[in-house]
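> just the structure for this:
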Amino acid sequence: MFKKVIPVILAILVFVVAFVLLQPAPSASVVVAAHDLRAGHFLTESDVELRALPANAVAPDAATDIAAVVGQSLRIDRGTGDVIRSTQLGELITLQPDERAMAININDTTGIAGLLLPGQKVGVVATIANQAFDTQGFFSKAVIEGLRVLYIDPRFAASPVNSVQAVSTPDSMTGFKSTVQERSQKGVVVLAVPIRLQTILYDFTSAKAGSEARQVNAIELLVALSTADGAHITLYLMPGEDITDFSSPGLWLPDMVVTPQTTATTTPTPTVETP
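Numbering: from 1, shown residues only. Purely as a prediction, here's the structure:
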């Protein structure tokens, strides 16, 4: 009797497992772009549509209501079928009365490898080729802090998890094929620059010399550094809070070259023996 029951139990188990595996994954309706959309575009009903996607693949901030996104502008470009997320909506650039927006060309080395987000604050290190002295070299100094990131080129922006994106391209044989598009290693970042004069301090106390200060307009300084031959801008990311000030006396690179000094050889004093 027991031997006859075992096949029945196994058949029921197989049926239950198959039933569970064949059940469609839970889905969620999200708002996607109906066609290619450019950053800054104000969305209309014809720009978006609802599409069912697997619930486990939907971002927490994915828009689910068409009415909630219509009339809002896009912060970044969106391609056909891309999910519209709430963090991608809103004014592209918002400035305070005492700020002006400036675009800076950066690359992986000078732009923190694209790991920048709107709202973060950065500082600027200026590096200048100096040929005014007998020894040619580079002078480097942190000059400005607290510049707010307004926008970063999406082709340059990186994610700590994923730095490549899959794109679909037409193919005459198969219709469409999926390729991997590498993240661009250079791009543009837009910064909110204060219009008030900035004080740049040259602290020479460690060298037992008097300190000096220069007042500059940050807008003019960034333009000069961006266009002058032999000058470069490097951004560094600042913490969100509890910022610790640091001293930047400036570094003249040839001073880092230290060579061994010749040690004087002591000449022995001749002695005279007394007979």
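
> so where do the strands sit in the stretch 51-200 of the chain?
Using DSSP state E, counting those that start in this stretch, the strands of the stretch 51-200 of the chain run over residues 99-107, 121-130, 137-152, 164-171, 175-182, 186-194, 197-202.

> and the pLDDT at K141?
Note for K141: predicted pLDDT of 91.

> V190 and R148 touch, don't they?
No. Counting by C-beta atoms under 8 Å, V190 sits too far from R148 to count as a contact (9.7 Å). Placement of C-beta: from N, CA and C, glycine included.

> ends of stretch 72-80, what's the gap?
Using C-alpha to C-alpha, to the nearest Å, the end-to-end distance of stretch 72-80 comes out at 18 Å.

> who touches it?
Outside of stretch 72-80, the residues within contact range by C-beta atoms under 8 Å, 6 or more residues apart in numbering are 33-43, 84, 87-92, 118, 151, 154.

> mean neighbour count and distance to P60 added to the strands of the stretch 51-200 of the chain, as JSON lines?
What follows is the strands of the stretch 51-200 of the chain, written out as JSON lines (neighbours: other C-beta atoms under 10 Å; distance: least, C-beta to C-beta, whole Å):
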{"stretch": "strand 99-107", "mean neighbour count": "17", "distance to P60": "30"}
{"stretch": "strand 121-130", "mean neighbour count": "18", "distance to P60": "25"}
{"stretch": "strand 137-152", "mean neighbour count": "19", "distance to P60": "22"}
{"stretch": "strand 164-171", "mean neighbour count": "11", "distance to P60": "20"}
{"stretch": "strand 175-182", "mean neighbour count": "9", "distance to P60": "25"}
{"stretch": "strand 186-194", "mean neighbour count": "20", "distance to P60": "26"}
{"stretch": "strand 197-202", "mean neighbour count": "14", "distance to P60": "39"}
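
> of the ones you listed, which is nearest L237?
Among the strands of the stretch 51-200 of the chain, strand 121-130 comes nearest to L237, with 5.8 Å by C-beta to C-beta.

> give me the contact list for the closest one.
112, 116, 136-149, 191, 221-222, 225, 228-238, 240, 252.

> partner strands of that strand, with direction?
According to DSSP bridges, strand 121-130 forms sheet pairs with strand 137-152 (antiparallel), strand 231-237 (antiparallel).

> as JSON lines, the ones you listed with distance to K208 would be great.
Supplementary listing: the strands paired with strand 121-130 in JSON lines, determined by distance: least, C-beta to C-beta, whole Å:
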{"stretch": "strand 137-152", "distance to K208": "19"}
{"stretch": "strand 231-237", "distance to K208": "29"}
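
> go through those and find the least confident stretch.
Mean pLDDT per stretch puts strand 137-152 lowest among the strands paired with strand 121-130, at a mean of 90.

> rewinding a little: worst mean pLDDT among the strands of the stretch 51-200 of the chain?
Comparing mean pLDDT across the strands of the stretch 51-200 of the chain, the weakest is strand 164-171, with a mean of 46.

> format the strands of the stretch 51-200 of the chain as CSV; extra columns: distance to T64.
Shown next, in CSV, are the strands of the stretch 51-200 of the chain (distance: least, C-beta to C-beta, whole Å):
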stretch, distance to T64
strand 99-107, 32
strand 121-130, 32
strand 137-152, 26
strand 164-171, 23
strand 175-182, 27
strand 186-194, 30
strand 197-202, 45
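
> closest one to V48 among those strands?
Ranking these by proximity to V48 (C-beta to C-beta) places strand 164-171 first, at 19.5 Å.

> A158 is in contact with A113, correct?
Yes. Under the criterion of C-beta under 8 Å, A113 makes contact with A158 at 5.9 Å.

> per-domain residue ranges of the protein.
Following automatic domain parsing, one finds the domains of the chain at 2-88, 99-255.

> adding distance to Q261, write the ones you listed out as JSON lines.
Listed next are those as JSON lines, based on distance: least, C-beta to C-beta, whole Å:
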{"stretch": "domain 2-88", "distance to Q261": "58"}
{"stretch": "domain 99-255", "distance to Q261": "15"}
